[in-house]
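1. below are the sequence and a predicted model for it; my questions follow.
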Amino acid sequence: MSEARKQVLQMLQDGKLTAEQAQELLQALEPTTEEPQEAIEGEVVQPVEPPDMERFRRFWQYPFFIALAVLVAVGLGLRSLYQASEGMMTFWLFCVSGIFALTFILTVLAFMSRSAPWVHVRVKEKTGRKIAISLPLPMGLAQWGIGIARNFVPETEQGNLDMAAEFIRSARHDLKGPGTEPLMINVDDEDGDQVQVFIG
């Protein structure tokens, strides 16, 4: 049994989750190796092919190197302005300093995103049209947001936030290294559309 499943069962035992919430969480943690075929109106629907996780995990390099190049260029410009102003704070020196600080933050964020998992949404409509969306998922930021939101919601709703926080914590633990199996969630619409969400 995986560590994530043990944590969910422990939360159920401690009364932090209801049986229904625990069941939903356990279903969401199902590995993608199980590829059941689902029949919709007499047709066999094959699961959508999972995206190439390793290719998406390398995407952090593009914004990082672009931000790094801009940071170096702005830094050289800042140095020239500083020398020209003989150490006095001028309007342009102030503006370029702000741009330098912003670019530095973006460079750090791009570097930190190298280990961030991605969320991939794949929609296959009944008409045959396919939609694919892939975005990096800042799980640390999501956990922080849930922690803040917990202070502003009624006690009756805090169980749902706890469940979401536990899911994110488990996902961060289970999706750490390269080559790990992504989490997959299947949603079949009543109209026959197939939606799959991959987190990895």
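-> Cool, got the structure. Because the structure is a prediction, the values reported are computed rather than measured.
2. going by C-alpha atoms from here, please, whenever you check contacts or count neighbours.
-> Will do.
3. can you pull out the helices in this structure?
-> 3-13, 19-28, 53-57, 61-84, 91-112, 139-149, 158-174 (DSSP state H).
4. how about those in JSON lines, adding mean pLDDT and mean neighbour count?
-> Formatted as JSON lines, the helices of the chain follow (pLDDT from 0 to 100; neighbours: other C-alpha atoms under 10 Å):
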{"stretch": "helix 3-13", "mean pLDDT": "75", "mean neighbour count": "16"}
{"stretch": "helix 19-28", "mean pLDDT": "76", "mean neighbour count": "15"}
{"stretch": "helix 53-57", "mean pLDDT": "76", "mean neighbour count": "15"}
{"stretch": "helix 61-84", "mean pLDDT": "92", "mean neighbour count": "16"}
{"stretch": "helix 91-112", "mean pLDDT": "91", "mean neighbour count": "16"}
{"stretch": "helix 139-149", "mean pLDDT": "76", "mean neighbour count": "13"}
{"stretch": "helix 158-174", "mean pLDDT": "73", "mean neighbour count": "17"}
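5. quick one: which of those is nearest residue 131?
-> Set against residue 131 and scored by C-alpha to C-alpha, those come closest in helix 53-57, at 16.9 Å.
6. could you name the helices and strands sitting against the closest one?
-> For helix 53-57, the packing partners by 3 or more C-alpha pairs under 8 Å, 6 or more residues apart in numbering; DSSP states H and E come out as strand 118-124.
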